[in-house]
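Engineer: Need a 3D model of the following:
(6 chains)
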Protein chains: 6
Amino acid sequence: MRIGVCPGSFDPITNGHLDIIQRSAYIYDKVIIGVAKNPTKKTLFSLDERMVMVNDSVGKLDEVETKSFTGLLVDFATDQQASVIIKGLRAVSDFEHEFQMAHLNKKLSSKIETVFLMASHDCMFLRSSAVKEIAMYGGSVNGLVSELVEKMLRDKLSGKSQLA
Amino acid sequence: MRIGVCPGSFDPITNGHLDIIQRSAYIYDKVIIGVAKNPTKKTLFSLDERMVMVNDSVGKLDEVETKSFTGLLVDFATDQQASVIIKGLRAVSDFEHEFQMAHLNKKLSSKIETVFLMASHDCMFLRSSAVKEIAMYGGSVNGLVSELVEKMLRDKLSGKSQLA
Amino acid sequence: MRIGVCPGSFDPITNGHLDIIQRSAYIYDKVIIGVAKNPTKKTLFSLDERMVMVNDSVGKLDEVETKSFTGLLVDFATDQQASVIIKGLRAVSDFEHEFQMAHLNKKLSSKIETVFLMASHDCMFLRSSAVKEIAMYGGSVNGLVSELVEKMLRDKLSGKSQLA
Amino acid sequence: MRIGVCPGSFDPITNGHLDIIQRSAYIYDKVIIGVAKNPTKKTLFSLDERMVMVNDSVGKLDEVETKSFTGLLVDFATDQQASVIIKGLRAVSDFEHEFQMAHLNKKLSSKIETVFLMASHDCMFLRSSAVKEIAMYGGSVNGLVSELVEKMLRDKLSGKSQLA
Amino acid sequence: MRIGVCPGSFDPITNGHLDIIQRSAYIYDKVIIGVAKNPTKKTLFSLDERMVMVNDSVGKLDEVETKSFTGLLVDFATDQQASVIIKGLRAVSDFEHEFQMAHLNKKLSSKIETVFLMASHDCMFLRSSAVKEIAMYGGSVNGLVSELVEKMLRDKLSGKSQLA
Amino acid sequence: MRIGVCPGSFDPITNGHLDIIQRSAYIYDKVIIGVAKNPTKKTLFSLDERMVMVNDSVGKLDEVETKSFTGLLVDFATDQQASVIIKGLRAVSDFEHEFQMAHLNKKLSSKIETVFLMASHDCMFLRSSAVKEIAMYGGSVNGLVSELVEKMLRDKLSGKSQLA
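Structural biologist: Numbering: from 1, shown residues only, chains lettered A, B, ... in the order given. Purely as a prediction, here's the structure:
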């Protein structure tokens, strides 16, 4: 069985993430979404909130599981018996960063390959950071994220939800 | 069974191609190398010569098969019951071209995904065109291509072999 | 009156060109499409055929005119009393080439500005060269070009039309 | 009347900004400089100080107005009855970021186009952040910014002016 | 005598830095490593610790000296009677940033040239920030940095050494 | 003595080439310009004509010599007892190509280093191919090339000089 890991901070999950996850599920037998517990950057949403949003978005997909992880990605992938890490590529700047990470991860564990999928054209410009900025200034993020994420962004930014 | 297609003109096959093919064989159940019969650019070697060199390089790999193809890549992949096209990425310029091709191929057949592997760092600067240029000016291509390819390049460029 | 020039070889015109032309017509008072008589690269279609296809595609647009030109683009723009040259940008490689041309054109005529529009996301991977390659191998170019262009490509490639 | 908006944080305005503003004023009937009240990054100068420096630099230009704004850029542009947002492009990294913003802004308001001008070659390497860094280490920023900005940078960094 | 300056924050020095320093020493008569006292980014190691690690790595190289500096790089280079600043290039993003710095430094002092060496292929993906991240999550940095740096990273991250 | 080689096809030499050569002469003891006898691309000017134009442009520079070469660049550099190959970098696309060549040349001869200088900002968009295209369409290349090159371009393109 071919298992792939889709890692990220998902702060929050966007339709761009979802597109990569769906296509991964099409080409691998099982996909495990790895939600990074302590990403290098400060997150808007807590780990629990991010897990809730991811689960809500991928709930209908068979053979997709969501787990959180801490520590090195290659260690998480090994624990999950995955043979590949799957990443989406949007732009040249993504490409360079991912290139570096793929080579370092290969050095850390020669048994894990990183494979890349190109972002679909309508998701090419979709970043979690942009989604948050739009929401912060009162713009509509409809069509960029799921309904639940839209609601949670609104609540978080209006102070209804406790800051992570 | 997960089948992947590795397409190219392989004029000639380099150690960079071989690296991608080996890693593809590790993450897919079967890999079919698709040697393009009529690539857009004029080739130094004939299709037969290119097939001989590819077969010589991948002969020892289980579950790797070599076939030639003409026409659209997605049609070849569909005929081979492949679910993915596998491409190697070396540099930003590769990335942009491959991005374009991946999107057009997706448009031509929504059932075929393109996945990318980053070139290993010692193959990042290896292009068939550079190998041919070095050989043409009498430089050594040892370590860049297989022994057979090295010999066939020498013969071709010294006129011992009929030009394709 | 603000006049803009949209130059190109349009070999053939694609929906990507059309998108840029429509958006140019929205932000300028008049748009003149400049079809290059002798582009540096050999064309598949003759100048007449390219003009026919462009006219067919933009016929319904008010304030858009199609003209052919030879010589320097800045001279053509000056003759047309245009203050701007409008170009579409798709990818990083476009960007670098266009950057160079914009600076050289500025040097040749300081009165003509070059402005850029980003390609719409569904046109980002659309190049005339890819359209021709797909058509050549029997793939469908539906949705990438107009119906007339689709027909003319089919005729040209099946030999029904005389090669330019 | 064609109105264009030139947005930025202008912390501080450089000769590179001024070049883009002057060229914008040449191709549009009216240009409104939008100074972002709360840019995502912390600024060295307060909004008032940034407005003073912008006004000092563009004071002699007819048909150029300076306003501050908060919230979404497309909302500001709509309020100003502008049909275009004008941005300068310097490098590939600018290009990718601007590409993303242009597409998101198009999604937020289909009535506002973003047009790009290439930075003049002597302004290609001019960033507000570099200007501040040079000034901080006692280097001369003469020729990179206006005399007033030069003076205000010196005062700010020597503590004569209250930190924003 | 041709003197070159290799500047950086070296937080910590990696085998990638060492490769550039060794190659610089091969093509210049004398190389001075300039360790930035107050780099713009917060460092993990103190200046003293960074100096210790650099000295340990380059101790065996003749004609290489290590000095710390503050203020503008061109002023430091001038003080050292250097005619060139030597920088390593890894990726496109490096390239753009270095391009900008080279032009600004040329403007600040026309007597100092910046020359670039391409990173060796096995150091292309080696950044101090990645080394720190790997160490932080318990991964092995063996082969990426010297033994002393490896030990100091372990000590620093386990709290044995006082945070800088 | 530090000898550097500046290679190229110089078809024709531009002010951008001259800028790199002058700056090379400033940082090396001797600079040898290597004019490629048989570049991969077809040239407009013959080797003799290209040599004449290079010599005319660099005649006033001490310690600069012009030679033609055929075969591998590293062999030429070795014959000239040079320790470095000097290349100018203008744009990202240059960078990637030069990166590849630097690595292959290092593999072909570990004793020759390649160093890069960033093009001066007023030469960043200057390519021999653009100069030829402008001249071909009757545009002025004044300020882009020397007076002799300007004259020779005019003669060549008006048919006064025999095509190479």
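Engineer: And for A:Thr70, the neighbour number?
Structural biologist: When counting by other C-beta atoms under 10 Å in any protein chain shown, one arrives at 11 neighbours for A:Thr70. (C-beta placed from N, C-alpha, C; glycine too.)
Engineer: A:Cys6 now?
Structural biologist: 27.
Engineer: For my notes, confirm it occurs in a strand.
Structural biologist: Yes: counting by DSSP: H, G, I helix; E, B strand; the rest coil, one finds A:Cys6 located in a strand.
Engineer: Enumerate the beta-bridge partners assigned to it.
Structural biologist: As for beta bridges, A:Cys6 partners with A:Ile33 under DSSP bridges.
Engineer: my guess is it contacts A:Ile20, does it?
Structural biologist: Yes: the pair A:Cys6 / A:Ile20 is scored as a contact, 6.6 Å apart, by C-beta atoms under 8 Å.
Engineer: Need the residues touching each of those two.
Structural biologist: Counting by C-beta atoms under 8 Å, 6 or more residues apart in numbering or on different chains, the shared contacts of A:Cys6 and A:Ile20 are A:Ile86, A:Lys87.
Engineer: what about A:Asn55, distance to A:Ser146?
Structural biologist: 11 Å (C-beta to C-beta, to the nearest Å).
Engineer: more crowded one of these two?
Structural biologist: Remark: of A:Asn55 and A:Ser146, A:Ser146 carries more neighbours, 19 against 16, as counted by other C-beta under 10 Å.
Engineer: How about the more buried one: what's its closest non-neighbour residue?
Structural biologist: A:Ser57 (5.0 Å; C-beta to C-beta, 6 or more residues apart in numbering or on different chains).
Engineer: doesn't the one you found fall inside a strand?
Structural biologist: No: using three-state DSSP, the assignment for A:Ser57 is helix, not a strand.
Engineer: Now stretch A:23-43: buried residues?
Structural biologist: Using 16 or more other C-beta atoms under 10 Å in any protein chain shown as the test for burial, stretch A:23-43 gives A:23-25, A:27-28, A:30-36, A:43.
Engineer: Let's have these in JSON lines, adding distance to C:Ala130.
Structural biologist: Output for the buried residues of stretch A:23-43, formatted as JSON lines (distance: C-beta to C-beta, whole Å):
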{"residue": "A:Arg23", "distance to C:Ala130": "22"}
{"residue": "A:Ser24", "distance to C:Ala130": "26"}
{"residue": "A:Ala25", "distance to C:Ala130": "29"}
{"residue": "A:Ile27", "distance to C:Ala130": "24"}
{"residue": "A:Tyr28", "distance to C:Ala130": "29"}
{"residue": "A:Lys30", "distance to C:Ala130": "35"}
{"residue": "A:Val31", "distance to C:Ala130": "31"}
{"residue": "A:Ile32", "distance to C:Ala130": "36"}
{"residue": "A:Ile33", "distance to C:Ala130": "34"}
{"residue": "A:Gly34", "distance to C:Ala130": "36"}
{"residue": "A:Val35", "distance to C:Ala130": "38"}
{"residue": "A:Ala36", "distance to C:Ala130": "37"}
{"residue": "A:Thr43", "distance to C:Ala130": "40"}
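Engineer: now check stretch A:109-124, is it near chain B?
Structural biologist: Yes: using C-beta under 8 Å from any C-beta of the partner chain, stretch A:109-124 comes into contact with chain B via A:Glu113, A:Thr114, A:Val115, A:Phe116, A:Leu117, A:Met118, A:Ser120, A:His121.
Engineer: Could you report the distance from the last one to chain D?
Structural biologist: For A:His121, the distance to chain D under the criterion C-beta to the nearest C-beta, to the nearest Å works out to 10 Å.
Engineer: all strands of chain A, in order?
Structural biologist: Assigned strands in chain A, in chain order: A:3-8, A:30-36, A:64-69, A:84-89, A:113-118 (criterion: DSSP state E).
Engineer: can I get the ones you listed in TSV with mean pLDDT and distance to E:Asp11?
Structural biologist: Formatted as TSV, these follow (pLDDT from 0 to 100; distance: least, C-beta to C-beta, whole Å):
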stretch	mean pLDDT	distance to E:Asp11
strand A:3-8	97	26
strand A:30-36	97	23
strand A:64-69	96	27
strand A:84-89	94	27
strand A:113-118	94	27
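Engineer: about what we covered before: can you name the two of the buried residues of stretch A:23-43 that are farthest apart?
Structural biologist: By the measure C-beta to C-beta, A:Ile27 and A:Thr43 form the most distant pair in those, at 29.1 Å.
Engineer: just to revisit the earlier point, with respect to B:Met51, which of the buried residues of stretch A:23-43 is nearest?
Structural biologist: A:Ile27 (27.8 Å).
Engineer: right, and the closest one touches B:Ser83 too?
Structural biologist: Yes: taking contacts as C-beta under 8 Å, A:Ile27 lies within contact range of B:Ser83: 5.6 Å.
Engineer: out of the residues of stretch A:109-124 next to chain B, who's near chain E?
Structural biologist: Near chain E, taking C-beta under 8 Å from any C-beta as the test, no member of these is found.
Engineer: With respect to chain D, which of these is nearest?
Structural biologist: Ranked by distance to chain D (C-beta to the nearest C-beta), the residues of stretch A:109-124 next to chain B are led by A:His121 at 10.0 Å.
Engineer: State the number of residues packed around the closest residue to that closest one other than its chain neighbours.
Structural biologist: Excluding the flanking residues, the one nearest A:His121 by C-beta to C-beta, 6+ apart is C:His121, at 4.7 Å. If you count neighbours by other C-beta under 10 Å, C:His121 ends up with 17.
Engineer: residues in contact with the closest residue to chain B within chain A?
Structural biologist: Among the residues of chain A, A:Phe116 lies closest to chain B, at 4.1 Å counting by C-beta to the nearest C-beta. Shown in contact with A:Phe116 (C-beta under 8 Å, 6+ apart): A:Ile86, A:Lys87, A:Gly88, A:Leu89, A:Glu98, B:Leu89, B:Val115, B:Phe116, B:Leu117, B:Met118.
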